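A.B. asks: the sequence isn't on hand, but the structure is:
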C-alpha cells in the first residue's frame, strides 16, 4: 500500500483526509498522464461515477476540473455503482475510470477508486506516480486553447450497464418475492430496475438517499433490516448491497444470513457441475471460514487463499486462469462477466442457481457448516507499530497455541481504515469471544488504542 492509496483506493474523511484539492490534483495527473501517452489527434477520455454521499459532488467536480485542465475529457455517469464504472471503462474504450465512494463507510468518509482501461484496479506503478505528484515531486503542464478538455454527460453508459445485467438473466423471476436493501447508496435506482425487468416482485429498503444516510442502519453492514423485511413479508430471498454495490450479502427465506463464503460454495458447486469452473479452483482470502474449505474438500473443489482484498483475489484469478473468487464480506468476482466484484451480478447468478436447481437458498447452503467466528476491530494510532509490538505478538502466539488444530486466530491491518482486525474461529462462540478479547485487551494495555 502507498501513502494515499490503500487496497481500495484513496479513502478518508471528506475535506479532512481526502479534500477537493486532492481530487483536483488526481484529475490533473490522470488527464496529463493519459493525454501524453496518445497521439495528438486522438481523444483522451476518463469516465467518472459516484455514490450518493454529499461530498461525492464536490469530489466529482474537482476531478472533472483537473482532468479537463490537463486536456482530457471527463465523462460523468453520475450516481452509479463501482462495477458499472468498470464495465463502461472496459466496453466503451475509456483510458481509465474513476469511482467516488467509500463503499461501506459512513457518509462523512469518501474515497477515490481508480480503474485501468480494462476496468481492473489501477496498477501500483501508476498509483505511485500519482502519489509523487500529490507530494509535489513532479509538475504537470496545463492544456491551453483548443487542447482543453470537456465535461460530458454520460448517463447513457450507466443505462447500457443496466441492460447488460438484464441480459444475463437466464430465467424469468416471475412469482419470486425478492427483498432488496440498497444501503441508500449507488444501487438505489439500478437494483429495482433490473429485478423488475426480470419480472420479480420487489420489496425495497435503503432506497431514499439524502446524501447523509448512506449505510446508516441499512445495507450489507446492517443486514438485520433485511432479515426483518424477508420474515415479515414471507419473501423468497433478500439481497443487501453496500454503498457502491460491489459486494452482496443475502438473507434466505428463513431469515438466516448468507455470507460471501456461502455464495462461493453455491456458485462453485454450480459452476463445477456445468464444467465452468476453470482449474477446478475457487479463490478465497485468509478470512474465509474453516467450514468453507471442509465443504470444498468434500465436493472435490480446490481452493487458493490470498491476502484480504478483492484486488488480491482478482490478481490471483487473472494470473492463474480462475473463474470464481471472492471474500467472506460479499465481494464476489465472476471473471466471465466482470473484472471486479459486482453485488447485482452476484444476486442474479444466485437467482439462476435457485431457479435452475429448483431449491431454496437455505437448501443450497445446507451442506456448508460454518465454524463460529468472532471478528472485532480496534482503532489504533499506528497499525504497523501495533502489529510489530512484541507483547501483542506474544499474546497472539499464545492464543494460536491454545487453539491448536481446532481453530485459528488472524490479526491484520485494515487496508482502508486506522483499524486492527482481530478474528478467531473456534469450537464455540464463547471461546472466540474470549480469545479475541484477550488480544484486544493487550493492544489497549500497550497504549496503541485510539479513542
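C.D. replies: The structure has been received and is ready for your questions. All values derive from a computational prediction rather than experimental measurement.

A.B. asks: show the average pLDDT along stretch 310-329.
C.D. replies: If you average the pLDDT over stretch 310-329, you get 95.

A.B. asks: in that stretch, what counts as buried?
C.D. replies: Buried residues in stretch 310-329, defined by neighbour count with 16 or more other CB atoms under 10 Å: 310-317, 322-329. Heads up, the C-betas are built off the backbone N, CA and C, glycines and all.

A.B. asks: which of the residues you listed lies closest to residue 406?
C.D. replies: The closest of the buried residues of stretch 310-329 to residue 406 turns out to be residue 328 (CB to CB; 19.9 Å).

A.B. asks: was I right about that closest one contacting residue 287?
C.D. replies: Yes - using CB atoms under 8 Å, residue 328 is in contact with residue 287, at 5.0 Å.

A.B. asks: all helices for the stretch 301-450 of the chain, in order.
C.D. replies: With DSSP state H, counting those that start in this stretch, the ranges of helices along the stretch 301-450 of the chain come out as 310-320, 343-357, 361-365, 383-388, 390-403, 429-445.

A.B. asks: so for residue 173, which of the ones you listed sits nearest?
C.D. replies: helix 343-357 (6.4 Å).

A.B. asks: sorry, back to before: can you say which of the helices of the stretch 301-450 of the chain is packed in most?
C.D. replies: Highest mean neighbour count among the helices of the stretch 301-450 of the chain (mean count of other CB atoms under 10 Å): helix 343-357, with a mean of 22.

A.B. asks: elements contacting it?
C.D. replies: helix 82-91, helix 155-167, helix 190-197, strand 237-241, strand 248-251, helix 260-273, strand 332-334, helix 361-365 (3 or more CB pairs under 8 Å, 6 or more residues apart in numbering; DSSP states H and E).

A.B. asks: compile these into TSV and extend it with columns for mean pLDDT and distance to residue 372.
C.D. replies: Output for the helices and strands packed on helix 343-357, formatted as TSV (pLDDT from 0 to 100; distance: least, CB to CB, whole Å):
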stretch	mean pLDDT	distance to residue 372
helix 82-91	98	32
helix 155-167	97	36
helix 190-197	97	32
strand 237-241	98	22
strand 248-251	98	18
helix 260-273	98	13
strand 332-334	97	23
helix 361-365	98	16
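
A.B. asks: point out the most buried one among the ones you listed.
C.D. replies: Buried most deeply of these, by mean count of other CB under 10 Å, is strand 237-241, with a mean of 29.

A.B. asks: report the inter-axis angle for that one versus helix 343-357.
C.D. replies: 160 degrees (axes from the mean of the first three to the mean of the last three CA atoms, to 10 degrees).

A.B. asks: strand 237-241: partners in the sheet, and parallel or antiparallel?
C.D. replies: According to DSSP bridges, strand 237-241 forms sheet pairs with strand 177-181 (parallel), strand 248-251 (antiparallel).

A.B. asks: which stretch among these comes nearest residue 408?
C.D. replies: The minimum distance between residue 408 and the strands paired with strand 237-241 falls on strand 248-251, with 22.5 Å, by CB to CB.

A.B. asks: need the contact partners of the closest one.
C.D. replies: 179, 220, 223, 226-227, 230, 237-241, 257-260, 262-263, 329-330, 332, 343-344, 346-347, 350, 361 (CB atoms under 8 Å, 6 or more residues apart in numbering).

A.B. asks: before we move on, back to that, could you dump the strands paired with strand 237-241 to CSV with distance to residue 65?
C.D. replies: Shown next, in CSV, are the strands paired with strand 237-241 (distance: least, CB to CB, whole Å):
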stretch, distance to residue 65
strand 177-181, 35
strand 248-251, 34
